[in-house]
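>>> Quick check, what structure comes out for this input:
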Amino acid sequence: MVAERAAGVSDERDEQERALEQARSQAEAARRRNSQRGPVDPTRIGGYEVVARLGAGGMGIVYLAEHTQTRKVAAVKMLRPGLESESAARRFEQEIDILRRLDHPNIARIYEAGTAEHAGAARAWYAMEYVAGRHIIRHSDINALKAEKRLSMVGMVCGALAHAHERGVLHRDIKPHNILVEMPGTPKLMDFGVARLTQSDKTTMHTQIGQVLGTVQYMSPEQIRGNHDQLDARTDIYALGVVLYELLCGRLPYPHDGRDTPALLRAMREGNPTPPRQANAELSEEVERVILTAMTQDPGGRYPSAQAMGDDIARVLRGERARGVAAVEEPVKRPRGFGVSWSRLFGRGGPSDAAPG
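Purely as a prediction, here's the structure:
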């Protein structure tokens with residue numbers, strides 16, 4: 001037993017070293033090109049040398065950077081120029097506070113934070129773990145992952161979400177691009193830029209009623225309505241259900257041509273998604289039950305917690321029946337039985353219909 005634990009620690013350390021080496025290689029390649037950093041970008045933030053711009057969002061700009069003394073590679077986010085207002089600064093500070101509350105192997109962790117002069121003003125910044133990976137769907141497709149592995153990764157994200165929710169953090173923007181996967185297959189939940197603290201707190205910033213935050217295709221019905229004071233953990237669970245649907249079905253649950261957004265929003269608020277097994281006939285009833293439970297229109301019919309969703313995924317992976325929630329309608333039985341559909345889903349022999357629940 002001791003030897004097994006030691007081997008597990010060694011494997012985890014090796015994985016971390018591989019990820020770090022990959023990050024350093026990417027940093028060095030960007031430094032040689034010297035073309036990914038714009039003329040208005042800083043060359044240094046705190047103790048970090050800026051190597052390249054990774055991207056920009058509503059609140060900040062994210063840079064690939066390397067600490068000048070420790071050589072640690074990090075993603076450094078700085079409040080973007082033009083956001084000098086007191087409210088923007090408070091929002092950025094809350095993002096830092098949220099990240100400091102979290103400590104989970106499937107959540108990118110913060111290293112340090114500070115203030116640096118840039119573009120004529122003192123700007124807040126923070127450095128966090130740089131995740132050298134692709135988003136969960138891209139990673140799964142490129143590596144041709146079987147459904148079992150895809151489901152397993154979502155189970156790990158459930159653990160990360162449960163951790164965040166236990167610490168009073170609601171993510172509010174769960175989507176594939178915010179779940180990055182490092183080789184050999186460790187998902188990391190990212191980007192708490194629109195997250196909210198659920199408990200009363202002097203640093204909590206309340207979103208105005210009717211304001212929509214997040215990515216439309218992954219929003220829960222209550223989030224689309226803009227009633228943000230009514231959001232809770234089940235909102236994130238709905239979004240993760242959409243990610244799982246897309247991951248296993250190869251499409252989103254509500255078709256959208258990119259033009260008629262009002263029709264999409266109406267369908268998401270009032271309609272029902274295309275049944276998962278209609279989108280992918282090889283899915284088992286148990287996997288469909290997990291997806292439909294997470295995506296139920298009424299929050300009361302969803303998993304009550306991310307832990308409960310993760311527990312159901314674990315049951316399915318063990319060959320047991322998913323429990324779901326009583327409010328979810330029983331999926332239509334297929335004549336060939338659960339054993340055949342499981343075999344199709346995971347590409348191997350599976351449990352019989354008599355598997356324990």
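>>> now Gly250: how far from Asp141?
Applying Cβ to Cβ, to the nearest Å, the value for Gly250 to Asp141 is 9 Å. (Each C-beta comes from the backbone N, C-alpha and C, glycine too.)
>>> what do you get for Ala121?
42 Å.
>>> Equivalent analysis for Arg134, please.
Distance from Arg134 to Asp141, by Cβ to Cβ: 9 Å.
>>> Near Ala195, how many other residues are there?
20 (other Cβ atoms under 10 Å).
>>> Of all the residues in the helix or strand that contains Leu54, which ones are buried?
Using DSSP states H and E, Leu54 sits within strand 48-56. Going by neighbour count (16 or more other Cβ atoms under 10 Å), the buried part of strand 48-56 is 48-52, 54.
>>> can you tell me which residues contact Ala233?
Ala233 makes contact with 161, 165, 170, 304-306, according to Cβ atoms under 8 Å, 6 or more residues apart in numbering.
>>> Could you turn the buried ones of these into a PyMOL selection?
The PyMOL selection below is limited to those of the contacts of Ala233 classed as buried (16+ other Cβ under 10 Å):
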select buried, resi 161+165+170+305+306
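>>> Just name whatever secondary elements the host helix or strand of Ile291 is in contact with.
For Ile291, the element it lies in under DSSP H and E is helix 285-294. Judged by 3 or more Cβ pairs under 8 Å, 6 or more residues apart in numbering; DSSP states H and E, helix 285-294 is in contact with helix 233-249, helix 276-279, helix 306-317, helix 337-346.
>>> Gly159 - that's part of a helix, no?
Yes - checked against DSSP: H, G, I helix; E, B strand; the rest coil, Gly159 lies within a helix.
>>> how near is it to Met78?
Gly159 is 30 Å from Met78, by Cβ to Cβ.
>>> Neighbour count: the two, which is higher?
Applying other Cβ under 10 Å to Gly159 and Met78 shows that Met78 carries more neighbours, namely 26 against 18.
>>> Give me the nearest residue to Thr43, chain neighbours excluded.
Nearest non-adjacent residue to Thr43, counting by Cβ to Cβ, 6 or more residues apart in numbering: Val50, 5.6 Å away.
>>> tell me the domain ranges of this protein?
20-129, 134-346 (automatic domain parsing).
>>> For the first one, what is the distance to the chain centroid?
This means domain 20-129. Distance, stretch centre to chain centre, for domain 20-129: 20 Å (Cα atoms, centre = their mean, to the nearest Å).
>>> and Asn143, how many neighbours?
14.
>>> what does Leu99 give?
Neighbours of Leu99 using other Cβ under 10 Å come to 22.
>>> Now it: which helix or strand?
helix 86-101.
>>> go on, Tyr303?
Per DSSP H and E, there is no helix or strand for Tyr303.
>>> Leaving out the residues flanking it, which one is nearest to Thr261?
Val216 (7.0 Å).
>>> so who does the one you found touch?
224, 261, 264-265, 268.
>>> Just give me the least confident of the residues you listed.
For the contacts of Val216, the weakest pLDDT value sits at Thr261, with 79.
>>> Bridge partners for the residue nearest the centre of the chain, pull those for me.
Compute the mean C-alpha point of the chain, and by Cα atoms, centre = their mean the closest residue is Ile179, 3.7 Å away. Judged by DSSP bridges, the bridge partners of Ile179 are Leu189.
>>> Buried residues, the helix holding Leu99. List them.
88-89, 91-99.
>>> Next: stretch 109-122.
110-111, 113, 116, 118.
>>> Let me know the average pLDDT across stretch 96-112.
96.
>>> For Thr261, give its distance to Tyr254.
11 Å.
>>> And Ala127, by the same measure?
On the measure of Cβ to Cβ, Ala127 and Tyr254 end up 38 Å apart.
>>> and what of Leu197?
For Leu197 relative to Tyr254 (Cβ to Cβ), the value is 30 Å.
>>> With Glu285 instead?
22 Å.
>>> swap in Ser87?
In terms of Cβ to Cβ, Ser87 sits 33 Å off from Tyr254.
>>> got it, and Gln94?
31 Å.
>>> related to what we said a few turns ago, tabulate the buried residues of stretch 109-122 (JSON lines), appending distance to Gly185 and secondary structure.
Shown next, in JSON lines, are those (distance: Cβ to Cβ, whole Å; DSSP: H, G, I helix; E, B strand; the rest coil):
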{"residue": "Ile110", "distance to Gly185": "23", "secondary structure": "strand"}
{"residue": "Tyr111", "distance to Gly185": "24", "secondary structure": "strand"}
{"residue": "Ala113", "distance to Gly185": "30", "secondary structure": "strand"}
{"residue": "Ala116", "distance to Gly185": "36", "secondary structure": "strand"}
{"residue": "His118", "distance to Gly185": "37", "secondary structure": "strand"}
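>>> Show me which of the residues you listed is closest to Gly300.
Nearest to Gly300 among these is Ile110, at 34.4 Å by Cβ to Cβ.
>>> nearest spatial neighbour of the closest one, skipping sequence neighbours?
That would be Leu99: by Cβ to Cβ, 6+ apart, it lies 4.0 Å from Ile110.
>>> Glu129 now?
Ala108 is the one closest to Glu129 (Cβ to Cβ, 6+ apart), at 4.4 Å.
>>> Return the residues in contact with the one you found.
Neighbours of Ala108 in contact, by Cβ under 8 Å, 6+ apart: 75, 128-129, 131, 180, 188-190.
>>> Who wins on neighbours among these?
Leu189 (25 neighbours).
>>> That one contacts His177, correct?
No - taking contacts as Cβ atoms under 8 Å, Leu189 lies outside contact range of His177: 11.5 Å.
>>> And the helix or strand harbouring Arg150, what's buried?
With elements taken from DSSP H and E, the one containing Arg150 is helix 147-166. For helix 147-166, a neighbour-count test (16+ other Cβ under 10 Å) marks 147-148, 150-165 as buried.
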